[in-house]
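Chemist: below: sequence and its predicted model.
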Amino acid sequence: MKRKIIKQSGRAYTITLPVKWIREINIREGDELNITQLNDELLVSAHAHKKEKKIIKLDVPEGRESAIRTIIVNAYRSGFDIIEVVFKGKKQILTNTVDTFLIGFELFEKSKNQFIIETVSEPSYENFENMVNRMIYLLQEIFEILPEENIDNLVYKVQKYDNFLKRCISKELFSIGGATFLWQFLSNLTQIARLAYHFKKSLLKNKKTFDKKVKEIYVMLNEMLELLKKGYLKKDFNVLSELHSFDQKINENAEKLIMQNPLIVHPILTIARMIYLANSPLTGYLHMHSFKK
């Protein structure tokens, strides 16, 4: 059945419901209805709409912790609410993965070698935009303190937000214009954090510090990140055009600098390149965001 949208004063709109429906579901004037957005559809119900929980069963082989983490994290990202795991390795590996990389989930031991990872207190999906903003600010904080302080926990937070945001996209609880572009943009942000993590480890291992030339490049790296932030927060892809100039400028003397100080310069150039590459999916997302309006 088609119903016309009626514009009210201000920014409000209403639709009317047939009397037959009102009687059949036993509602009356003053009652509240639940309205749920499912992609481009609106579901109107007299009772709260509850989706069935998505369940997946995984037989996880023993191996490197990163391999195990990849299996668990991607089940979480895919939108599953209950992850049943058969795992013969150390429980602590699963515990670390859940505590460090999943938001709102807990690990429960069902029996020997059998575990359940399920949602207990996920944040509101309405916080989506704030979490993307937080990811970008965390990246800036990482690069502000990287030369002098430990960044491990900040990098883990970026990964945790990335996983939750991708879970939101997978669950399709609300419509996101340019979801594919946004997914890739989030991946780029997380990769930037991971590159910073490994760069920091290399600095500590090799006991390296920044000289004057390196500091100049590092400053440009932070300026590129600031442009990326402005482009996203202001929803203005024109701001991102300056990243192309920075990319060219950084690479002008790259070969010479790498030869002089490869252990420091090469990782910085790799991070700068990843920031530059992030502007492409962000531009696509901003186009779709603008079109949707």
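Modeler: Thanks, I have it.

Chemist: from Gly177, how far out is Ile13?
Modeler: Just so we're on the same page, residue 13 is Tyr rather than Ile. For Tyr13, the distance to Gly177 equals 20 Å [C-beta to C-beta, to the nearest Å]. Any C-beta I mention is one placed from the backbone N, CA and C, and that applies to glycine too.

Chemist: please apply the same query to Leu154.
Modeler: Taking C-beta to C-beta as the measure, Leu154 falls 29 Å from Gly177.

Chemist: higher neighbour count, those two?
Modeler: Using other C-beta atoms under 10 Å, the more surrounded residue of Leu154 and Gly177 is Leu154, with 21 against 15.

Chemist: and the strands in the stretch 101-250 of the chain?
Modeler: For the stretch 101-250 of the chain, strands defined by DSSP state E, counting those that start in this stretch occupy the ranges 105-111, 114-119.

Chemist: which other helices and strands does the last one contact?
Modeler: Judged by 3 or more C-beta pairs under 8 Å, 6 or more residues apart in numbering; DSSP states H and E, strand 114-119 is in contact with strand 82-87, helix 91-101, strand 105-111.

Chemist: what are the phi and psi values at the residue nearest to Glu122 when sequence neighbours are not counted?
Modeler: Among residues not flanking Glu122 along the chain, Gly104 sits closest, at 3.3 Å (C-beta to C-beta, 6 or more residues apart in numbering). The phi and psi values for Gly104, taken as degrees, to the nearest 10, are phi 80, psi 10.

Chemist: contacts only, for Gly178.
Modeler: Residues near Gly178 by C-beta atoms under 8 Å, 6 or more residues apart in numbering: Gly284, Tyr285, Leu286, His287, Met288, His289, Lys292.

Chemist: my read: the second one touches Leu186, true?
Modeler: In other words, Tyr285. No - at 9.9 Å, Tyr285 and Leu186 do not qualify as touching, with contact defined as C-beta atoms under 8 Å.

Chemist: what sits against Leu165?
Modeler: Neighbouring residues of Leu165 by C-beta under 8 Å, 6+ apart: Phe128, Met131, Val132, Met135, Leu186.

Chemist: residues in contact with the third one?
Modeler: Read that as Val132. Tyr161, Leu165, Leu186, Tyr232.

Chemist: so of those residues, which ones are in helices?
Modeler: Judged by DSSP state H, helices contain the following of the contacts of Val132: Tyr161, Leu165, Leu186, Tyr232.

Chemist: tally of neighbours for the residue lying closest to Thr100 once chain neighbours are set aside?
Modeler: Leaving out its chain neighbours, the residue that sits closest to Thr100 by C-beta to C-beta, 6+ apart is Tyr156, at 5.3 Å. By other C-beta under 10 Å, the residues close to Tyr156 number 15.

Chemist: what do you get for Lys91?
Modeler: Lys91 has 12 neighbours, counted by other C-beta under 10 Å.

Chemist: so where's the stretch 51-200 of the chain shaky on pLDDT?
Modeler: Counting by pLDDT under 70, the stretch 51-200 of the chain contains low-confidence ranges at 51, 173-175.

Chemist: for Asp81, see how far away Lys88 is.
Modeler: Between Lys88 and Asp81 the distance is 24 Å, computed by C-beta to C-beta.

Chemist: returning to that earlier point: figure out which of the strands of the stretch 101-250 of the chain is closest to Tyr276.
Modeler: strand 105-111 (34.2 Å; C-beta to C-beta).

Chemist: and this protein, what are its domain boundaries?
Modeler: Split into domains by automatic domain parsing, the chain comes to 6-45, 55-119, 125-292.

Chemist: what sits closest to Ser290 if chain neighbours are left out?
Modeler: Closest residue to Ser290 apart from its sequence neighbours, by C-beta to C-beta, 6+ apart: Lys235 at 7.2 Å.

Chemist: residue contacts, that neighbour?
Modeler: For Lys235, the contacting residues are Leu286, His289, Ser290, by C-beta under 8 Å, 6+ apart.
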